[in-house]
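# coordinates only, no sequence provided:
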């Protein structure tokens, strides 16, 4: 409350036939009148509403699992009490899942008073997967899941995690799904920023973030063989969950907290940090995680200060403009001993710098191939003449 009022109003406003919809509301020990309001809603709503009132569990996993256990529909959608749906959200998402036979449907998310993910909404996709799209960067639970998928694999939210439980659940669903659909041309879900700023994802000890990263990395390891595909998925927990622990907040952490963060990161870096993951990151992201892997807090502090200043790192172009090195702290410092490759911008980042010649590298290869073909032809000609 009071966000629940607008949340339930958005459910009542759904254009899908009310007879096709059931609402299962789990009041997880609230003390603000939520339970009473849910009972009132159930009495007047045009669709069947089940209200479950229980003692506070401390997190969203328990209540969501209770909801899954009670669900009877072909699909399940998780709606947070402070957010709301676009009027056509469920109608469009169900139609998309039915049309394509996909097990997970993503509806476009827009933020109200807070930032929403953006990179995956460029185009509506009838059928995609987690490797060939950006859906790995939206692992919140607010998706349409085919209930048969959840039951087939006994999928439930991990109640031992206090944050990141939705990422674990959603990524497993992506990996197990027979296809994923994306509705990008209609705002299905409005992510509402609370006036008090007290979102679960923004609260809690830093140790919870390491718990979340560890669980997600272990899931990826268990479900995806080592190689480029695993590296592609590992980028997400490294970038979204782990790296922020070594951002600006690290500068104000006590020495004890800094040491503890390095201790928590070490087994994750040892097990999952690979050249393939590193190449998928921007230079400053790769550099910071490289220093975490080396356990070099002294060098990391300089880099974090530079990143916090929001200065643009100078670019050094070499090899006729085909290589761009970004001059972050300790670049080519003999004392630091960090390899040049850590500072080498991948093409996507390098393209933003004037003078970069990505085509030049391709031209070199083409020239080399043409020369090889000419040499081979000359040899064949000489052999025939002989």
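Received, thanks. Note that the structure is predicted; figures quoted are calculated from it, not measured.

# what's the helix or strand for residue 145?
With elements taken from DSSP states H and E, the one containing residue 145 is strand 144-146.

# mind giving me the packing neighbours of the helix or strand following that strand?
Sequence-wise, the next helix or strand downstream of strand 144-146 (DSSP H and E) is helix 147-152. In terms of contacts (3 or more C-beta pairs under 8 Å, 6 or more residues apart in numbering; DSSP states H and E), helix 147-152 is packed against strand 75-77, helix 165-176. In this view, the C-beta of every residue, glycine as well, is placed from N, C-alpha and C.

# please tell me the pLDDT value assigned to residue 21.
Here, the pLDDT recorded for residue 21 equals 96.

# OK, contacts around it?
Taking C-beta atoms under 8 Å, 6 or more residues apart in numbering, we find residue 21 in contact with 11, 14, 47, 73, 90.

# most neighbours out of those residues, which is it?
Each of the contacts of residue 21 was scored for neighbours by other C-beta atoms under 10 Å, and residue 90 scores highest at 23 neighbours.

# spell out the secondary structure type for residue 191.
strand (DSSP: H, G, I helix; E, B strand; the rest coil).

# my guess is residue 182 contacts residue 120. True?
Yes: taking C-beta atoms under 8 Å as the definition, residue 182 is a contact partner of residue 120 at 6.5 Å.

# please enumerate the strands of the stretch 51-200 of the chain.
In the stretch 51-200 of the chain, strands defined by DSSP state E, counting those that start in this stretch lie at 75-77, 84-85, 104-112, 125-128, 144-146, 180-192, listed in chain order.

# list the helices and strands the fifth one packs on?
If you count contacts as 3+ C-beta pairs under 8 Å, 6+ apart, strand 144-146 packs onto strand 75-77, helix 89-100, strand 104-112.

# so which of those comes closest to residue 139?
Closest to residue 139 of the helices and strands packed on strand 144-146, according to C-beta to C-beta: strand 104-112, at 10.6 Å.

# that closest one versus helix 165-176: what angle between them?
Interaxial angle of strand 104-112 relative to helix 165-176 (axes from the mean of the first three to the mean of the last three C-alpha atoms, to 10 degrees): 140 degrees.

# for strand 104-112, buried residues please.
104, 105, 106, 107, 108, 109 (16 or more other C-beta atoms under 10 Å).

# as CSV, the helices and strands packed on helix 147-152 with mean pLDDT, mean neighbour count and distance to residue 51 would be great.
Listed next are these as CSV, based on pLDDT from 0 to 100; neighbours: other C-beta atoms under 10 Å; distance: least, C-beta to C-beta, whole Å:
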stretch, mean pLDDT, mean neighbour count, distance to residue 51
strand 75-77, 98, 21, 17
helix 165-176, 97, 22, 23
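
# nearest to residue 340, of the ones you listed?
helix 165-176 (33.9 Å).

# now what about the closest one, what contacts it?
Counting by C-beta under 8 Å, 6+ apart, 59-61, 78, 103-104, 129-130, 135-136, 138-141, 143, 145, 149-150, 153, 155-159, 161, 180, 212, 215-216, 219-220, 223-224, 233, 236-237, 241 sit against helix 165-176.

# now the buried members of the residues you listed.
The neighbour-count test (16+ other C-beta under 10 Å) marks 59-61, 78, 103-104, 129-130, 135-136, 138-141, 143, 145, 149-150, 155, 157-159, 161, 180, 212, 215-216, 219-220, 224, 233, 236-237, 241 as buried among the contacts of helix 165-176.

# tally of neighbours for residue 44?
For residue 44, the count of nearby residues is 8 (other C-beta under 10 Å).

# look at it and report its pLDDT.
pLDDT, residue 44: 94.

# give me every residue that touches it.
Applying C-beta under 8 Å, 6+ apart, we find residue 44 in contact with no residue.

# about what we covered before: could you dump the helices and strands packed on helix 147-152 to a markdown table with distance to residue 5?
Below are the helices and strands packed on helix 147-152 laid out as a markdown table (distance: least, C-beta to C-beta, whole Å):
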| stretch | distance to residue 5 |
| --- | --- |
| strand 75-77 | 19 |
| helix 165-176 | 24 |
